[in-house]
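> sequence and predicted structure are below.
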Amino acid sequence: MLRSAVPSAVSIRTLVNNPSSKSGEAFRVVEVGARDGLQNEKKMVPTAIKVELINKLSEVGLKTVEATSYVSPKWVPQMGDHDNVITQIKKYPGVAYPVLVPNLAGLKNALQNENVKEIAVFGAASEGFSKKNINCSIEEGFNRIKEVTEEALKNNLRVRGYISTVIACPYDGKTKPSVVADLTEKLLSFGCYEVSLGDTIGAGGAGSVGRLLDEVSKAAPLEKLAVHFHDTYGQALSNVLVAINRGIRVADSSIAGLGGCPYAVGATGNLATEDLVYMLHDLGFNTGINLPKLIQTSEWICAQMGRNNASRASIALLSKKKKL
Ligand SMILES: CC(C)(COP(=O)([O-])OP(=O)([O-])OC[C@H]1O[C@@H](n2cnc3c(N)ncnc32)[C@H](O)[C@@H]1OP(=O)([O-])[O-])[C@@H](O)C(=O)NCCC(=O)NCCSC(=O)C[C@@](C)(O)CC(=O)[O-]
C-alpha cells in the first residue's frame, strides 16, 4: 500500500482565515468542457466551434485541455468527430490535450493520429453505472483499462485515470469509499500518472467527500489524485475546498459549467472553471490562468450554443463589466 508523501494539510479554518498561506502555490486546473461539457449535447456542435473553444481555452493559460473521446460514436454521437478535432486544434506548446479512450479499439484509432500524446481511461466504482456507461462489469472494465494502459504506455502516451460514481451511483445508490480506494490503487499500479475521482451525479457534500478522501489517501499519494465534481446540488466548490484542505492540488472543471453524462440522467454540468479559478486566486494559488480572458471565452461559448451561463463568477463579472 502506498503512503501519502504530503504532510497533513492545514484546516479549512486556517485556509479561510489566512488565505495568504497559499500564496503562489501551484494548482492545476484540468479543463474538461470540450469533452465532458459537450458530450451530452443533443444538438451536434460543429467541429469548428469545438476546435475554436479548445484553442481559446489554451490561450487563457490552461495547461490541460481534454479535447475529445475515442468512444463509440453509436454510444456518444457528439464525440464522433474526435479525429478531426484533435487534428485541427492548434496544439499550443506546454498544453496537454488528453482524449478519452474506452477500449483497445479506441486506442488503435487514437494511435493513428500523431497528435494524440495523452489518453484518459475510465471506469466506475458501481456496477449499475459501469454497465450503462461501458456495457460491462467493474471488473471487466478495469481489465480493459489495464490492457489499454499497458499498450498506451508502450506507445509512449501518458495515461490519466478516472473513476466515476465515487460518492453515489444513479442506479445503485451510495458507493463505499473503500471500493474507490482499491480501484484508485489499481489504476496507479497499471501506470496512470494521476487518478481523477469523479462525483458523476454531484451528490457529495463536504462530509461524504471528506470521508472518501480520508479513505483514498490511505491507498494513494495525494499528489497522484485529482477531483472531478459535478455541481448538481451546488456542492462542487466546497467539495474542492475539502480536497484542498486534504492536500490535493488538481481539480477538473468545465467552462461555463457545461456538461452532464449521457448515462447519469439528471446530473448537471461540472463545476464551472471560472468559479473554481475565482476561488483559487482568492486563496492565493497560482493557476497560470487569465480570469478575464476565461470569462470572455465563457461568454463566447454560451453565445455559440445559445445557452445560459452556469458560472456564478462569470455572471457576476460580466454584469459588472456591462454596468461600467
Ligand atoms: C465501451 C463501448 C465501446 C462498449 O460498447 P459495446 O457495444 O459493448 O462494444 P463492442 O465491443 O461490442 O462493439 C460494438 C460496436 O462498436 C464499435 N466500437 C467499439 N469500441 C469502439 C470505439 N472505441 N470507437 C469506435 N467504435 C467502437 C465496434 O467496432 C462495434 O461496431 P459494429 O460492429 O457494431 O459496427 C461503449 O460502451 C462506449 O463507447 N461507451 C462510452 C460511453 C461514454 O463515452 N460515456 C461518457 C464518458 S465517461 C464520463 O463522462 C465520466 C467522467 C470520465 O467524466 C467522470 C465522471 O464524471 O464520473
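Looks like it arrived, so ask away.
> list the contacts of the residue nearest to residue 95 when sequence neighbours are not counted.
Take residue 95 and drop its neighbours on the chain: the residue closest to it by CB to CB, 6 or more residues apart in numbering is residue 58, 4.8 Å away. The C-beta positions use only the backbone N, C-alpha and C, and glycine is treated the same way. By CB atoms under 8 Å, 6 or more residues apart in numbering, the contact set of residue 58 is 65, 89, 90, 92, 95.
> ok, residue 58 to residue 293 distance?
If you measure residue 58 against residue 293 using CB to CB, to the nearest Å, the figure is 11 Å.
> so after the host helix or strand of residue 163, what's the next helix or strand?
When secondary structure is defined by DSSP states H and E, residue 163 falls within strand 158-164. Along the chain past strand 158-164, the next helix or strand (assigned with DSSP H and E) turns out to be strand 168-169.
> any bit of that next one sitting next to the ligand?
No. For a cut-off given as CB under 6 Å from any ligand atom, strand 168-169 has no contacts with the ligand; the smallest distance is 10.1 Å.
> do the same with stretch 237-250
No. Contact of stretch 237-250 with the ligand is not found when judged by CB under 6 Å from any ligand atom; the minimum separation is 12.9 Å.
> repeat that for stretch 33-40.
Yes. Judged by CB under 6 Å from any ligand atom, stretch 33-40 comes into contact with the ligand at 36, 39.
> contacts made by that stretch with the rest, please.
Stretch 33-40 is touched from outside by 45, 50, 53-54, 57, 65-69, 76, 78-79, 85, 99-100, 252-256, 258-262, 269-270, 273, 301, with contacts defined as CB under 8 Å, 6+ apart.
> among the residues you listed, which lie within helices?
Among the contacts of stretch 33-40, the subset assigned to helices under DSSP state H consists of 50, 53, 54, 57, 85, 273, 301.
> show me the two of those that sit farthest apart.
In terms of CB to CB, the ones in helices among the contacts of stretch 33-40 reach their longest pairwise distance at 85 and 273, which sit 18.9 Å apart.
> compare these two and say which is more crowded by neighbours.
The neighbour comparison of residue 85 against residue 273 (other CB atoms under 10 Å) goes to residue 273, with 35 against 25.
> for the ligand, see how far away the closest residue to that one other than its chain neighbours is.
By the measure of CB to CB, 6+ apart, the closest residue to residue 273 outside its immediate chain neighbours is residue 253, 4.2 Å from it. Distance of residue 253 to the ligand, computed by CB to the nearest ligand atom, to the nearest Å: 11 Å.
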